[in-house]
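K.L.:
Below: sequence and its predicted model.
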Amino acid sequence: MHLITAAVLTALLGRDRTGHEGLPSFAGVMETVHVLPGRLRLRAPILIGQRAAADQLQKSLARLDGVRDVEVSCVSGSVLFRFRQDQVAPDLLMGAAIRLLGLEKDVQRTPPSHIGEGIRNAGESLNHAIYEQTGGVIDLWTSLTLLLVVSGTRQLAAGNQFGWPLLWWAYHSMFPPERTH
């Protein structure tokens, strides 16, 4: 593992999600538990129950210059570094761990909010209930599309030009544009 790659990775990840001592913390991916002089503890839930991955990570991180000792727990997902602070910075160690675990894309994603998850879950529950009540004839998303088509058509028949946006939304709910992410 090259420390320059780790430094670049850490810089690209941004410092807006900072934890202890300005060190980035990425909820549910790679979290900063504590930073003390010469000591850093991270938590990576991906390591829980993965003994082989934990052992490999420990061996790889222990070879870095300035690292005195690394303890990795597959029980808690904890990664504890003891290092020479005059030789290596905590953010480089975090970047190395992220890189070795292949979490680069995961730390760049914004985790879903609790409220957003609740809204999605409620929508899925309502979708399922409508589907079950109609015996599979219609679901929430199809009923919303039909509602937009009927409302848009009625608006246009009444001479109201505001029916066009409703038809546009109906079209896009039936044929959503492909995302290029």
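P.N.:
That came through fine. Numbers count the residues shown, from 1 in each chain.
K.L.:
Tell me how many other residues surround His114.
P.N.:
For His114, the count of nearby residues is 8 (other Cβ atoms under 10 Å). The C-beta positions use only the backbone N, C-alpha and C, and glycine is treated the same way.
K.L.:
go on, Ala122?
P.N.:
Ala122 is flanked by 10 other residues according to other Cβ under 10 Å.
K.L.:
Same question for Tyr131.
P.N.:
The tally of other residues near Tyr131 (other Cβ under 10 Å) stands at 17.
K.L.:
cool, and Asp106?
P.N.:
16.
K.L.:
Tell me the first helix or strand C-terminal of the strand or helix carrying it.
P.N.:
When elements are assigned from DSSP states H and E, Asp106 belongs to helix 104-108. Next helix or strand after helix 104-108 toward the C-terminus (DSSP H and E): helix 114-133.
K.L.:
Domain map for the protein?
P.N.:
The chain breaks down into these domains under automatic domain parsing: 3-108, 114-174.
K.L.:
For this protein, which segments count as helices?
P.N.:
3-13, 51-62, 90-101, 104-108, 114-133, 140-157, 163-174 (DSSP state H).
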